[in-house]
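here's my sequence, what's the structure:
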Amino acid sequence: MVLEEDVGAVFDGSCSSPYMSMSCEVRAEVQASGALQAATHYDGSARPQTVAAHQEPYIHTMLTALKRATGYGVVINTSFNTKGKPIVNRATEVLDMLRDDSELDAVVIDEWLFTKQSVLAA
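Purely as a prediction, here's the structure:
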């Protein structure tokens, strides 16, 4: 997911798509920075879901805050499961994944941000 207004700073060409319906090349300088490595396919592309403020105000606000903190208003939007397990259906399953998965740093559930540290401390 990428802020609609930032799509040109992250991707080459016209990549506006609120439905992840196309694959776009991640700009060379973004790839070189390594900042979006986890969201970039091995061939340098990604399938962006653009988020406009008038369509998804909550997610747009979250992405804007993330951009202030990291320089990029980008997150991975994908089915949420791990290898060999079904897609998660409950918040407790998500928190279990956060606690147990070494590759997962944080999750957002509604208005709540859970970090690995907060879940392990609980």
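
most centrally placed residue in the protein?
Most central in the chain under CA atoms, centre = their mean is Val75, positioned 1.6 Å from the mean C-alpha point.

hmm, who's touching the helix or strand of the chain with the lowest mean pLDDT?
With mean pLDDT, DSSP states H and E as the measure, the helix or strand of the chain carrying the lowest mean pLDDT is helix 116-121 (a mean of 82). Residues lying outside helix 116-121 but in contact with it, judged by CB atoms under 8 Å, 6 or more residues apart in numbering, are 95, 98-99, 104-106. Every residue, glycine included, has its C-beta placed from N, CA and C.

mind listing the strands for the protein?
Counting by DSSP state E, the chain has strands at residues 2-3, 24-25, 45-46, 50-51, 106-109, 112-115.

sorry, back to before: which among the contacts of helix 116-121 end up buried?
Judged by neighbour count, with 16 or more other CB atoms under 10 Å as the criterion, the buried members of the contacts of helix 116-121 are 95, 98, 104.
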